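1. task: produce atomic coordinates for the following.
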Amino acid sequence: MRTYLRRYVLIHASHPTTLSMPIPYLSIATYALLPALALTVSGLFATVYTLKPKAQSAILHFAAGVIFSVVAVEILPQVVHFRNWLLTLIGFGGGILIMLLIRQFTEGAEHASKNQVRSNALPITFLVVLGVDVVIDGLLLGVGFAAGDKEGKLLAYALGIESVSLGLATATTLTNTGLARRRIIGLLVGIAVLFVGSTVLGATLLHNLSPGGLDIVLSFGLAALLFLVTEELLQEAHLAEEPAWLTATFYMGFLLFLLLGMLA
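-> The predicted structure is shown next:
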């Protein structure tokens, strides 16, 4: 992904007319369906088969590791590569501020839901941050296709693997709130549609976005993903007993996406 983003910046800076070529929307939407379907199918699996607390914690650890790997290996180096501290400050600071405001506004509802065993209340903060994660992934996939068809396909495969763990973690979290299976399925489908839409939108907008604009977008996504890992996934994962093998799933997720990034 880092190579794709850097190539995008170089193309934009050196050959601006190249990005005026027609956008292959059909191909982009088709490959965007791979991560979307992976997220939906894995989420459906988690709603049909009730997972034990340790299995749920392992899934959450693994998903956190994968997302943290995306942040540390792919997004962070690219943000540093831009070397624009002001735009990075604006994007990252804005991301943290928005996430904290969302948590502040939804904190009362979340505390009330914790006082009930099964409250049927939506975990709003989790869903909003998850939505940001999905949108950022879609935008990055759009950047991949802006850099080249081959790059976009490889990135779609990598995001597909990430989406499996993310779908399992999402369904597990929603199931623990006591939501009906029908509502959970509806939310999973909505998240999948959001991913496909953000990919097509990203391919359109980022096709003509300046490197400075991309810096702000990636910095915002960096903050949102760190928030998702530290304040949502890992906090919920630590609610269960945590033997050594369970903690290791976090590092397994990190290593998996690290190796995928190196091979791609």
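2. only C-alpha atoms from now on, for both contacts and neighbour counts.
-> OK.
3. host element of G197?
-> For G197, the host element (DSSP states H and E) is helix 181-205.
4. meant to ask about Y157, not that
-> Assigned by DSSP H and E, Y157 belongs to helix 149-176.
5. for the chain, what's the longest helix?
-> helix 85-114 (DSSP state H).
6. tell me where the stretch 151-264 of the chain is predicted with low confidence.
-> 151-152, 154-155, 206-208, 239-241, 264 (pLDDT under 70).
7. sorry, back to before: pull the distance from the helix holding G197 to the chain's centre.
-> Distance of helix 181-205 from the chain centroid (CA atoms, centre = their mean, to the nearest Å) equals 12 Å.
8. now the element after that helix, going C-ward?
-> helix 211-227.
9. can you tell me what sits against the very next helix or strand once past that following helix?
-> Using DSSP H and E, the next helix or strand after helix 211-227 towards the C-terminus is helix 234-237. For helix 234-237, contacts defined as CA atoms under 8 Å, 6 or more residues apart in numbering pick out Q56, S57, A58, L60, H61, A64.
10. quick check: which element contains the fourth one?
-> Taking DSSP H and E as the criterion, the element that holds L60 is helix 53-69.
11. please name every helix or strand in contact with that helix.
-> Counting contacts by 3 or more CA pairs under 8 Å, 6 or more residues apart in numbering; DSSP states H and E, helix 53-69 is packed against helix 149-176, helix 211-227, helix 234-237, helix 244-263.
12. residues in contact with that helix?
-> For helix 53-69, contacts defined as CA under 8 Å, 6+ apart pick out 162, 165-166, 168-169, 172, 225-226, 229, 233-234, 236-242, 246-247, 249-258.
13. that one to helix 149-176, inter-axis angle?
-> Here the directions of helix 53-69 and helix 149-176 differ by 150 degrees (axes from the mean of the first three to the mean of the last three CA atoms, to 10 degrees).
14. could you check the angle helix 53-69 makes with helix 244-263?
-> Computed by the same axes, to 10 degrees, the angle separating helix 53-69 from helix 244-263 equals 30 degrees.
15. give me the buried stretch members for helix 53-69, please.
-> 54, 56-69 (16 or more other CA atoms under 10 Å).
16. now the angle from that helix to helix 211-227?
-> Per the same axes, to 10 degrees, the angle that helix 53-69 makes with helix 211-227 is 160 degrees.
17. after helix 53-69, which helix or strand is next? Please name it.
-> helix 76-82.
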